[in-house]
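> Let me see the structure of the following:
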Amino acid sequence: MAPKKRCIWILLILTSLFLAGCGKNSGDQQEDESQNKEAVRDAETPEYTEFSELNGKTVSMLTGAPFEELVKSKAPDVALFTTFNNNPDMILALKSGKTDAALSNNAVGTLAVNRNKGIILFPKNLSDGVFGFAFAKGSPIRDEWQAAYDTISEEKKKELWEKWTGADDSKKTLPEQDWPGTNGTVRVAACDTLEPMSYAGEGGKLMGFDVEMILTMAEKLDVHVEFTGMEFAAILSSVQADKADIGIGSIIATAERREAVDFVDYYPAAFVLMIRTMEKEEEVDKDFWASITDSFEKTFIRDDRWQMFLEGIGTTLLITILSILFGTGLGFIVFMLCRKGNRIANAITGFCIWLVQGMPAVVLLMILYYIIFSGVSISGTAISIVGFTLVFGAGVFGMLKMGVGAIDKGQTEAAYALGYTDRRAFFRVVLPQALPHFMPGFKRSITELIKATAIVGYVAVQDLTKAGDLIRSRTYEAFFPLIAVAVIYFILAAVLTWIVNRAERFINPKNRKRSSLLKGVKTK
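Just a heads-up that it's a prediction; the model follows:
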């Protein structure tokens, strides 16, 4: 058996044992294709039928979808509005009773209802609208894309709509970009979790109605398209910050959004609410192990989704290791510049550290991505490395300051008495004694760093956490993707800590030989 598949089956055994002790699991979230016998539900009876029944309830929507006033116009006394970063999380919250209604558009809502037992569309639409492709205000290419769209026949639009919103997944393929592309390349920011409009399919490739519409227009304009998947909330920001030329992904062109960006309107839309059905549960037997096996197969085996986890692990490790190396170097260099008490260097360093440590890491990454490097062609991965290098470097500076401060000044004076220069005294006498004070905090910071990288999805990076989100968006199941991500993070943190522990053995003075400690010192 191949090592990769052996690891997958080991994970199956571990998680199955965990589930066996947890009792009831997420089996009620299985899709129609599951082999389980599930509770019988009356799919024709919605839990609410009038907007007034939503008063006092909780209504959820995607981050970046500011439609609270629209809901209040129908149900003015809604108790609470909550937001989610992606549709699968919102649907799981709806099914588990953490929210009472979930706002979506007609395309996403219809597909979600077809794939999930126990939820149904609210009988009445909140409002009608139109889907749009977003362009920066005054974009020089907006008019030519509008002209390309105008040449697409209504029959073609309807054909594509039925293809992507239909149940036959075998038809959901995209044309290859085999045209010359003599007019260059356009960058398209696309939401990667909103099936059927735009989502990450097999191998993480972006697919959907919006994607094929863009490709159809691109062929007419003879341009190639470079798609970048990201959270829905980041799409318009990417367009405004010139990180993308076009933003797509189930975007309804509201009046408020038109104030920020220009649109090419391309298909009728409607705001809808997803709600639960009136459930009538019967006592039935459930095949527990069949449920586990089926869920595992959908999460890891089907469409080789385990490869998405491997790619995510690679990205997470790349960001983490480079941030550790660069951050350690940056913190050490800054400490050496400030070691002698230079007032200017200490003032600048103190301000920068206060600035970096005083804001959440996700905010720092978004400032770097959308503001500081807005006009620079630099990947989200590189931005993440820069951001976490600053965060880790600030921590290393503080740890060095604390570790060196714990060493008695008499050690330096003794080194001077032996004829050591200041530089040699620091590196040969002070620093080796400071490292044991430094290393515990350093190891703890590594663990914190690898967990902190889970936020890089906000700047269009497909890391380990993002891979789990994409898989959940396809399977509408939470348990296996989340448990797999948690276990992998635990393993990665343990491995990195073990490596640092091994390195610590070689730098701890207690483990060094006498000849090494006295190197350069004359002895009788």
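
> Run through the residues that contact V261.
V261 is in contact with 134-137, 236, 239-240, 247, counting by C-beta atoms under 8 Å, 6 or more residues apart in numbering. In this view, the C-beta of every residue, glycine as well, is placed from N, C-alpha and C.

> just T328 next, same as before
Each residue near T328 by C-beta under 8 Å, 6+ apart is listed here: 392-393, 396.

> give me the element it is part of.
Secondary structure assignment for T328, by DSSP states H and E: helix 306-338.

> swap in A189?
Taking DSSP H and E as the criterion, A189 maps to strand 185-191.

> What's the first helix or strand after that strand?
Strand 185-191 is succeeded, C-terminally, by strand 193-194 (DSSP H and E).

> still on that earlier bit, which parts of the helix holding T328 are buried?
Neighbour counts using 16 or more other C-beta atoms under 10 Å place 306, 308-309, 311-313, 315-324, 326-328, 330-331, 334-335, 338 of helix 306-338 among the buried residues.

> Give the residue spans of the chain that score low on pLDDT.
Across the chain, residues meeting the criterion (pLDDT under 70) sit at 1-44, 167, 203, 279-288, 291, 476, 507-524.

> tell me the centre residue of it?
Using C-alpha atoms, centre = their mean, the residue of the chain that lies closest to the mean C-alpha position is G457, 2.8 Å off.

> That one: what's it in contact with?
By C-beta under 8 Å, 6+ apart, the residues touching G457 are 230-231, 463, 465-466, 469.

> again, 7 Å this time
Contacts for G457 (C-beta atoms under 7 Å, 6 or more residues apart in numbering) come out as 231, 463, 465-466, 469.

> what's the farthest-apart pair in those?
Comparing every pair within the contacts of G457 by C-beta to C-beta identifies E231 and D463 as the most remote, at 12.6 Å.

> So which of those two has more stuff around it?
Taking neighbours as other C-beta atoms under 10 Å, E231 and D463 compare with D463 leading, 27 against 22.

> Would you mark the buried spots in the strand holding A189?
Counting neighbours by 16+ other C-beta under 10 Å, one finds that the buried residues in strand 185-191 are 186-191.

> Strand partners (parallel or antiparallel) of it?
Next to strand 185-191 in the sheet, as set by DSSP bridges, lie strand 224-230 (parallel), strand 246-248 (parallel).

> which strands and helices sit next to the helix or strand I367 falls within?
Using DSSP H and E, I367 maps to helix 361-367. Taking 3 or more C-beta pairs under 7 Å, 6 or more residues apart in numbering; DSSP states H and E as contact, the helices and strands that helix 361-367 lies on are helix 380-405.

> So what's the gap between whatever helix or strand comes next after the helix it packs on and the chain middle?
Next along the chain after helix 380-405, taking DSSP H and E as the criterion, comes helix 409-417. Mean-position distance between helix 409-417 and its chain equals 51 Å (C-alpha atoms, centre = their mean, to the nearest Å).

> List the contacts of helix 409-417.
Judged by C-beta under 7 Å, 6+ apart, the contacts made with helix 409-417 from elsewhere in the structure are 425, 429-430, 433.

> CA atoms only for it, dumped as PDB, please.
The C-alpha coordinates for helix 409-417 follow below in PDB (Å, rounded to 0.1, in the frame of the first residue of the first chain):
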ATOM      1  CA  LYS A 409      26.600  41.800  34.000                       C
ATOM      2  CA  GLY A 410      29.500  40.300  35.800                       C
ATOM      3  CA  GLN A 411      29.700  37.700  33.100                       C
ATOM      4  CA  THR A 412      30.500  40.400  30.500                       C
ATOM      5  CA  GLU A 413      33.000  42.000  32.800                       C
ATOM      6  CA  ALA A 414      34.800  38.700  33.300                       C
ATOM      7  CA  ALA A 415      35.000  38.200  29.600                       C
ATOM      8  CA  TYR A 416      36.500  41.600  29.200                       C
ATOM      9  CA  ALA A 417      39.000  40.700  31.800                       C
END
